[in-house]
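Asker: Okay, here's the prediction I keep looking at, along with the sequence it came from:
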Amino acid sequence: MASLKDIVATRDRAFDFSAFNMVLPNPDPVLKRMGKDIEVYRDLRSDAHVGGCIRRRKAAVRAMESGLDRKKAKSRIAKNIEAIFADLDMDSIVAEALDGMLYGYQPMEIMWGRVGSMVVPTGVIGKPPEWFLFNPQNELRFRTREKPWEGEELPARKFLLPRQDPSYQNPYGFPDLSMCFWPTTFKKGGLKFWVNFCEKFGMPWIIGKEPRGTLPAETDNFLDRLAEMVQDAVAVIPDDSTVEILESKGNTGSGELYERMLMFCRSEVSIALLGQNQTTEKDSTHASAKAGHEVTRDIRDGDARVVSASINQLIEWTVELNWGAVERPVWSMWEQEQVDKVQAERDAMLTRAGLRLTPAYFKKAYNLEDEDIAPPEPTDKPASGLEVSRVEDFAEGETPVFPDQVALDTAANGLSGEALAAQLESMLRPAVEALLAGGDEDAAASALLASYPQLDDSTLVELLGRALFVAETWGRLSAGAENAQTA
C-alpha cells in the first residue's frame, strides 16, 4: 500500500491514451480539430481588430512601473542585480513574455555570459512555441531533427517559460487566441459575403433591351458594352436598343444582417483579449465603459504577475550561480498612481498656514521613498512654544488665508503702553491742573467731574475692548499649548 508521501495518480499508471506516447499532445481543441500547430494563431495577428487588441493589452502592461525591491537581500547583491538588469532590454523581454498569454506558453532562451568574475544573463530571446513540447513528466523539451517526436532534453537554467493557467493535465497553458480563432474566421467569411452583397445590391443595375431575333453574337457584344458602361459610364449602342438603370430597393435589411454578424464577431474578440467589448459596442454608456475598464485592469494585473514570476526566476538563477542559496531581491510591476490634485492643494495650504506634515505622511499619500525626501533645514526658531505669526505669513498676494487670524491681529493692533497712557493723560489733565493751581482734593474732584462730560472716552473704550478680547484669546491658546506639551 502506498504511503502518504507517494504520488498515486500518474500518467504511467493511468488508463489514458497519452500514457502510451513519449510526449504530451497539446490539448487545445482548435489545434486538435484542425491538426495544425500554434502557427495558426500567429496568423490571426494580421487581422486588424485582433492585432489592435493585442497591442492594447501589451501596452497596458508595458506602461506599468517596474523595479527591484531589496527585501532581505544583502545590499551588495541587490546593487549587482540592479546593474545586471540595467544592461538588459527589459521592454523587449516583457513584450515577448506577454506572448505566453496569447499562445498559452512562450519559451525564452537565456544567453549567459561572464562579466568579470560573475556569470550574468546577457540576453533573453523568445523562441517559437511550436518548436517545443512536453513529456509525460510535464518537462519542456526541444523538438530537433534528430528527435522530432520525443524532443531533446534542455539544460538547467537555460529557458524561462511564462505560461497562462498551466496545469498537470495541460502543461501547455491556455492560449487566449484560441477564443479568437472562430470569431475571426467567421468574420473574414462574412466580410467576403458582405462585399459581394454590396457589389450586387449597392450598385445600380444596368439593363439593356434588344429587339427579338437579335443574333447571340450581337447580344454578347451588347453585354460587353454594358459592362464597360458600369466602369466608364459611357457606352455606344444601336439605335433600336434601350438601356435602363434600376436602383436596388428593399434589401437594406439583408445588409444589416451581415453588419450585425461582423460586429458580433468583433465583440467576441474584444471580450476574449480585453475582457470587455465597450470599444465595439456603439450603444455603450459611461458606466458600462468604466466597468469594462476595471475588467481590463484585472487582466493586465494577471499578465503582469506572469511576467514578474518569469523575471524573478531569472533573478533566482543569477543569485544561485554567483552567491549560492541566499536571499534575493524581488522584481515587480505596479501602476503609477496619479497624485490627487485636490489633496495636493489642501496640503500646500496647510503647509503655508504653518502646519508641519511628517515625512511618513508624504510617503503614504504620494508613494514616495525615503531617498525622495530631503532632511529639514536647520532653523533659528525655538523648538517649543507658541508663536504668533504675522498676517503676511498667512497671506498669498492680497487675500489672507485665515480671516480669523486677521481679525485677531487687527484687534491687537494699537494695544501699546503709549496709546493707553495718552488716553489716561487726557482724562486726568483737568484734575492735575486743579491740584497744581493750589486747590485741595475737593477742588480737584470738582474739576474732574466738571470736565468728564466733555472728555472723548470713545478711543479709551475701544482700546480696552480690544485688550480684553486679545487677553482672553491669548489665554485660551496658551492653555491649549501647555496641555499639548504635557500630553
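Answerer: That came in fine, so what should we check first?

Asker: low-scoring stretches of the stretch 151-300 of the chain, by residue?
Answerer: Low-confidence segments of the stretch 151-300 of the chain, defined by pLDDT under 70: 190-206, 228-255, 257-258, 278-295.

Asker: What segments of it are helices?
Answerer: 181-201, 216-232, 252-274, 286-323 (DSSP state H, counting those that start in this stretch).

Asker: Counting neighbours, which bits of the longest one end up buried?
Answerer: Along helix 286-323, the positions that meet the burial threshold by neighbour count (16 or more other Cβ atoms under 10 Å) are 292, 296, 299-300, 303-304, 306-308, 310-312, 314-315, 317-319, 322-323. (Each C-beta comes from the backbone N, C-alpha and C, glycine too.)

Asker: For the closest residue to residue 214 other than its chain neighbours, grab the count of nearby residues.
Answerer: Nearest non-adjacent residue to residue 214, counting by Cβ to Cβ, 6 or more residues apart in numbering: residue 222, 7.8 Å away. Applying other Cβ atoms under 10 Å, we find 19 residues neighbouring residue 222.

Asker: do residue 163 as well
Answerer: 23.

Asker: swap in the one 3 residues further on?
Answerer: As a burial measure, residue 166 scores 18 neighbours (other Cβ under 10 Å).

Asker: Please shift the residue numbers so they start at 4 in all later answers.
Answerer: With 4 as the first residue, the last one maps to residue 169.

Asker: Phi first, then psi, for residue 167.
Answerer: Residue 167 adopts backbone torsions of phi -110, psi 120, taken as degrees, to the nearest 10.

Asker: Enumerate every residue touching it.
Answerer: 103, 104, 107, 108, 176, 177, 178, 179, 309 (Cβ atoms under 8 Å, 6 or more residues apart in numbering).

Asker: Among those residues, which one sits closest to residue 37?
Answerer: Distances from residue 37 to those, taken as Cβ to Cβ, are shortest for residue 178 (13.5 Å).

Asker: Verify the contact between residue 317 and residue 161 for me.
Answerer: No - judged on Cβ atoms under 8 Å, residue 317 makes no contact with residue 161 at a distance of 11.2 Å.

Asker: where do the contact lists of those two overlap?
Answerer: Counting by Cβ under 8 Å, 6+ apart, the common neighbours of residue 317 and residue 161 are residue 113.

Asker: ok, the closest residue to residue 61 other than its chain neighbours - contacts?
Answerer: Residue nearest to residue 61 in three dimensions, not counting chain neighbours: residue 101, with 5.1 Å by Cβ to Cβ, 6+ apart. Applying Cβ under 8 Å, 6+ apart to residue 101 gives the contacts 60, 61, 64, 165, 306, 310.

Asker: What does residue 101 show for phi and psi?
Answerer: phi -70, psi -20.

Asker: Equivalent analysis for residue 165, please.
Answerer: Here residue 165 shows phi and psi, under degrees, to the nearest 10, equal to phi -70, psi 130.

Asker: likewise residue 335?
Answerer: phi -140, psi 170.

Asker: what bridges to it?
Answerer: Beta-bridge partners of residue 335, counted by DSSP bridges, are residue 70.

Asker: Kindly provide the distance from it to residue 10.
Answerer: Here the criterion is Cβ to Cβ, to the nearest Å. By it, residue 335 lies 33 Å from residue 10.

Asker: now do residue 89
Answerer: From residue 89 to residue 10 the distance is 43 Å (Cβ to Cβ).

Asker: Okay, helices next: where are they in the stretch 4-153 of the chain?
Answerer: 32-37, 42-47, 51-65, 78-89, 93-100, 102-106.

Asker: on contacts alone, who are the packing partners of the longest one?
Answerer: Helices and strands touching helix 51-65, by 3 or more Cβ pairs under 8 Å, 6 or more residues apart in numbering; DSSP states H and E, are helix 93-100, helix 184-204, helix 255-277, helix 289-326.

Asker: ok, now the second one?
Answerer: Secondary structure elements in contact with helix 42-47, counted by 3+ Cβ pairs under 8 Å, 6+ apart, are helix 32-37, helix 102-106, helix 184-204.

Asker: Next, the buried residues of the first one.
Answerer: Along helix 32-37, these residues count as buried under the neighbour rule (16+ other Cβ under 10 Å): 33, 34.

Asker: What average pLDDT does it get?
Answerer: Confidence over helix 32-37 (mean pLDDT, whole number) is 84.

Asker: ok, now the second one?
Answerer: Averaging pLDDT along helix 102-106 gives 95.

Asker: per-residue pLDDT, residue 148?
Answerer: At residue 148, the pLDDT value in this model is 91.

Asker: Run a quick neighbour tally on it.
Answerer: Neighbours of residue 148 under the rule other Cβ under 10 Å: 6.

Asker: ok, now which ones touch the nearest residue to residue 29 once chain neighbours are set aside?
Answerer: For residue 29, ignoring the flanking residues on the chain, the nearest one in space by Cβ to Cβ, 6+ apart is residue 175 at 4.9 Å. Going by Cβ under 8 Å, 6+ apart, residue 175 touches 27, 29, 30, 31, 107, 108, 137, 166, 169.

Asker: Which member of those residues is positioned nearest residue 45?
Answerer: The shortest approach to residue 45 among those belongs to residue 107, at 12.5 Å (Cβ to Cβ).

Asker: Touching, that closest one and residue 137? I think so.
Answerer: No - Residue 107 is beyond contact range of residue 137, at 11.2 Å (criterion: Cβ under 8 Å).

Asker: what's around residue 265, how many residues?
Answerer: Neighbours of residue 265 using other Cβ under 10 Å come to 19.

Asker: pretty sure residue 301 is touching residue 278, no?
Answerer: Yes - under the criterion of Cβ under 8 Å, residue 301 makes contact with residue 278 at 7.0 Å.

Asker: what about residue 58, distance to residue 100?
Answerer: 16 Å.

Asker: Who has more neighbours out of these two?
Answerer: residue 100 (24 against 11).

Asker: List the contacts of the more buried one.
Answerer: Residue 100 is in contact with 109, 111, 129, 163, 165, 309, 310, 313, 314, counting by Cβ under 8 Å, 6+ apart.

Asker: same thing but 10 Å
Answerer: 64, 109, 111, 127, 129, 163-165, 306, 309-314 (Cβ atoms under 10 Å, 6 or more residues apart in numbering).

Asker: what does residue 10 give?
Answerer: residue 16.
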